[in-house]
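>>> how would this look folded up:
(chains A and B)
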2 protein chains.
Amino acid sequence: MGTVVPLDGKQTDHAQPDVRAAFDVLSDLVGQDLTRVNKVVLRRLESRVALIPQLAGHIIASGGKRLRPMLTLATARMCGYEGDRHINLAATVEFIHTATLLHDDVVDESDLRRGKATANSVWGNDASVLVGDFLFSRAFQLMVDDGDLRVLEILSGASAVIAEGEVLQLMTTNDTETTEDAYLRVISAKTAALFAAACQIGAVVCERPRAEEEALLSFGRNLGIAFQLVDDALDYSARQMTLGKTVGDDFREGKMSLPVILAFARGSESERAFWRRTIQEGDQQERDLDKAISLMEKHGALDDTVERARHYGAIARDALGLFSDGEIKAALSDIIDFCIERAY
Amino acid sequence: MGTVVPLDGKQTDHAQPDVRAAFDVLSDLVGQDLTRVNKVVLRRLESRVALIPQLAGHIIASGGKRLRPMLTLATARMCGYEGDRHINLAATVEFIHTATLLHDDVVDESDLRRGKATANSVWGNDASVLVGDFLFSRAFQLMVDDGDLRVLEILSGASAVIAEGEVLQLMTTNDTETTEDAYLRVISAKTAALFAAACQIGAVVCERPRAEEEALLSFGRNLGIAFQLVDDALDYSARQMTLGKTVGDDFREGKMSLPVILAFARGSESERAFWRRTIQEGDQQERDLDKAISLMEKHGALDDTVERARHYGAIARDALGLFSDGEIKAALSDIIDFCIERAY
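As a prediction, the model looks like this:
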């Protein structure tokens, strides 16, 4: 532990890393397994109730990166796993993630996800709530099929933590007094818990020593925190806006993400009045998002959010120190950079 | 199998059965266990996120009969079970049921349940969706704690079937062409699957032969169908209305329950136009519920819905034939009458 993992001679300059390539490298390494995961997902979506595969298929096919199931596949392989269990378990992870997304979109009243119409905007909130429940149940059936009580404990525990995190987030929404600590508790639960579980079960399926399990749990947890921090910065990114990507969702929903927390803490009294009006009271006008972004830039809130992400990324990288060098370990290390540097 | 279980000399005249007493007898027989179940439920509601026990406690304390967990307790005892596992499993059943209720109330946009404000009307739909997810996850954690893969299979399977049933119900809502068969598929999934699982695991925990497991599954399934049929009749009961109970929820929500299906099928063209306007188009006026009830009475739709319930009740009773006579078996048999005759 504690050693910085060499990046196999790859360009590590943070200003211009070839981070997209890092994602493709990992995709290629687990490509065959991922194809099998996608087949399991499609097969397990089947139901005599036609709306279920229709609605769930819409969100599953809507361009997600499959990052979480890829983590299960990659960590299992890095641990030397030769069996098949990681396929179903990666599908389980994707089912839990998708169920969460469906319910998130209902709670957030979102119309768009990754630039496409959300399931709730097409089929209504009711159908999204109920199909989300179906996906949760299918996830549990898939893990019961696996039959390993340790895995069941890890994944059912993660599900409960995710749900707690979602409720906690709901309670901090519109509350400008939310601290960075409270925010960290929210993202540790709602995002990092599934990343952590996805990685931990990679070690569990090949019965590696508890230290390796803990190391992968730590890798996933810190990667997940970094991922969410960057996601929250991207939602206020002027560059994303010029690329035609959706920004400002968190702002419109009054979410107390770190960029807002930092800009509020560092702002003048009149700036805080702006945040109270827009986030707390939800009174938003035409150019308020632009103003929010410029206040964040003025106070370095976005750069510092990404800087915080680098801190967790560094912990994640060190957590890999326990494992022997190899192409999968290198790819997992590079995926940390991918998660962070996609901010630029 | 096939024998009608004697009712221990009790009054079986359907017009005036002491059905409330039947419920109390079962309550008393499993009373000590039920107190333990309630303690597990309260303990497992705990969360550092205060809203969770608050909201979930509201619905759990809101006067539900605890019929489903009582079935697990009673069937386990009838099978001669002496251990403790049935306590946690009965709590699991109650958690699944409560999660379903929370999501149901969101989907139905209900303001009242059993005459009390629903959680969604007090804390909002968002909180109800997310706390419902938490309860589902807790249910899975509880069954993982039990650790028996057969039980996990039965309960995770039931959860998936329930979710499918809820989606199916959503698709038949407002559709006056819904058949009695489609309705039966809906209630078999959304209601009877949990009754069936709750009873089946009573046999599983004490490792009874598969035939007894199947018999209890059949008992629970048919009791669940009867229960839901009567629930659906009660929602149009003029007597319930005079007792000050809420009626007409299903009507307002445009649900295609059996009383509507029968009244529609037996109605004249002008009556069908009434159902199309009120149920299909959702165009309802002041006295439409009264008219709906009088059309149902005219065509015997409510009595015949209860008559259908008696059919499933009779199957449930015969399913108990396999078990030796005793006070718990007698109480379970009487509970069938309780579920049906509460219509009067």
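>>> So what does residue A:117 look like in phi/psi?
Phi and psi for residue A:117, reported as degrees, to the nearest 10, are phi -60, psi 140.
>>> How much space separates the spatially closest residue to it that is not a sequence neighbour from chain B?
Spatial nearest neighbour of residue A:117, excluding adjacent residues (C-beta to C-beta, 6 or more residues apart in numbering or on different chains): residue A:111 at 6.7 Å. Where C-beta positions appear, they are placed from N, C-alpha and C, glycine not excepted. Noted for residue A:111: a distance of 16 Å to chain B, by C-beta to the nearest C-beta, to the nearest Å.
>>> Which residues are in contact with residue A:111?
A:117-118, A:121 (C-beta atoms under 8 Å, 6 or more residues apart in numbering or on different chains).
>>> which bits of chain A sit near chain B?
Residues of chain A found near chain B (C-beta under 8 Å from any C-beta of the partner chain) are A:47-49, A:51-52, A:99, A:103, A:106-107, A:125-127, A:129-134, A:136-138, A:140-141, A:144, A:147, A:149, A:152-153, A:156-157, A:159-160, A:162-164, A:166-168, A:170-171.
>>> Next step: those restricted to strands.
Among the residues of chain A next to chain B, none falls in strands (DSSP state E).
>>> Weed out the non-buried ones from those.
Among those, the ones that count as buried by 16 or more other C-beta atoms under 10 Å in any protein chain shown are A:47, A:49, A:51-52, A:99, A:103, A:106-107, A:125-127, A:129-134, A:136-138, A:140-141, A:144, A:152-153, A:156-157, A:159-160, A:162-164, A:166-168, A:170-171.
>>> re the thing from before, and the residues of chain A next to chain B, which of them are in helices?
Those of the residues of chain A next to chain B mapping onto helices are A:51-52, A:99, A:103, A:106-107, A:125-127, A:129-134, A:136-138, A:140-141, A:144, A:149, A:152-153, A:156-157, A:159-160, A:162-164, A:166-168, A:170-171, per DSSP state H.
>>> what pairs with the lowest-mean-pLDDT helix or strand in chain A, and is each one parallel or antiparallel?
One helix or strand of chain A scores below all others by mean pLDDT, DSSP states H and E: strand A:112-113, with a mean of 80. Its sheet considered, strand A:112-113 pairs with strand A:116-117 (antiparallel) by DSSP bridges.
>>> which sections of chain A are below the confidence cut-off?
Chain A contains residues with pLDDT under 70 at A:1-17, A:19.
>>> quick one: contacts for the residue nearest the centre of it?
The centre of chain A sits closest to residue A:191, judged by C-alpha atoms, centre = their mean, with a distance of 5.1 Å. By C-beta under 8 Å, 6+ apart, the contact list for residue A:191 reads A:165, A:224-225, A:227-228.
>>> secondary structure class for residue A:190?
helix (DSSP: H, G, I helix; E, B strand; the rest coil).
>>> give me the number of residues near the closest residue in space to it that isn't next to it in sequence?
Nearest residue to residue A:190, sequence neighbours excluded (C-beta to C-beta, 6+ apart): residue A:165, at 3.3 Å. Using other C-beta atoms under 10 Å in any protein chain shown, the number of residues around residue A:165 comes to 24.
>>> Out of the contacts of residue A:191, which comes closest to residue B:290?
Lowest distance from residue B:290 to those (C-beta to C-beta) belongs to residue A:165, with 47.9 Å.
>>> Report the contact partners of the closest one.
A:185-191, A:193.
>>> Select, from the contacts of residue A:191, the two members most distant in space.
Of all pairs in the contacts of residue A:191, the most separated under C-beta to C-beta is A:165 and A:227 at 14.1 Å.
>>> Buried ones among the contacts of residue A:111?
Among these, those buried by neighbour count (16+ other C-beta under 10 Å) are A:118, A:121.
>>> what separates residue A:70 from residue A:223, distance-wise?
Separation of residue A:70 from residue A:223 (C-beta to C-beta, to the nearest Å): 12 Å.
>>> Looking at those two, which has the bigger crowd around it?
Comparing residue A:70 with residue A:223 by other C-beta under 10 Å, the one with more neighbours is residue A:223, at 31 against 26.
>>> thinking the more buried one is in contact with residue A:315, fair?
No: counting by C-beta atoms under 8 Å, residue A:223 does not reach residue A:315; the two are 9.0 Å apart.
>>> for the contacts of residue A:111, which one is nearest chain B?
When the contacts of residue A:111 are ranked by distance to chain B (C-beta to the nearest C-beta), residue A:118 comes first, at 14.5 Å.
>>> Excluding covalently adjacent residues, which one is nearest to the closest one?
That would be residue A:105: by C-beta to C-beta, 6+ apart, it lies 4.4 Å from residue A:118.
>>> okay but that neighbour is in contact with residue A:113, surely?
Yes: at 6.2 Å, residue A:105 counts as touching residue A:113 under the criterion of C-beta under 8 Å.
>>> residues in contact with the closest residue to residue A:120 other than its chain neighbours?
Nearest residue to residue A:120, sequence neighbours excluded (C-beta to C-beta, 6+ apart): residue A:128, at 4.2 Å. For residue A:128, the contact set (C-beta under 8 Å, 6+ apart) comprises A:55, A:102-103, A:105-106, A:118-120.
>>> cool, and residue A:215?
Residue A:215 sits next to A:1, A:203, A:319-323 when contact means C-beta under 8 Å, 6+ apart.
>>> So how do I select the buried members of the residues you listed in PyMOL?
The buried subset of those, as determined by 16+ other C-beta under 10 Å, is captured in PyMOL by this line:
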select buried, chain A and resi 203+319+320+322+323
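>>> now the contacts of residue A:215 as JSON lines including secondary structure and distance to residue A:213?
Shown next, in JSON lines, are these (DSSP: H, G, I helix; E, B strand; the rest coil; distance: C-beta to C-beta, whole Å):
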{"residue": "A:1", "secondary structure": "coil", "distance to residue A:213": "14"}
{"residue": "A:203", "secondary structure": "helix", "distance to residue A:213": "4"}
{"residue": "A:319", "secondary structure": "helix", "distance to residue A:213": "11"}
{"residue": "A:320", "secondary structure": "helix", "distance to residue A:213": "13"}
{"residue": "A:321", "secondary structure": "helix", "distance to residue A:213": "15"}
{"residue": "A:322", "secondary structure": "helix", "distance to residue A:213": "10"}
{"residue": "A:323", "secondary structure": "coil", "distance to residue A:213": "12"}
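>>> Closest to chain B out of the contacts of residue A:215?
For those, the residue nearest chain B by C-beta to the nearest C-beta is residue A:203; the value is 18.9 Å.
>>> my guess is that closest one contacts residue A:216, does it?
Yes: taking C-beta under 8 Å as the definition, residue A:203 is a contact partner of residue A:216 at 4.9 Å.
>>> anything in contact with each of these two?
Shared contacts of residue A:203 and residue A:216, defined by C-beta under 8 Å, 6+ apart, are found at A:75, A:79.
>>> so residue A:295 touches residue A:271, yeah?
Yes: assessed by C-beta under 8 Å, residue A:295 is found in contact with residue A:271 at 5.8 Å.
>>> Show me whatever sits in contact with both of these two.
With C-beta under 8 Å, 6+ apart as the test, residue A:295 and residue A:271 both reach residue A:263.
>>> who's more crowded, those two?
Neighbours per residue (other C-beta under 10 Å) separate residue A:295 from residue A:271, with residue A:295 holding more: 21 against 16.
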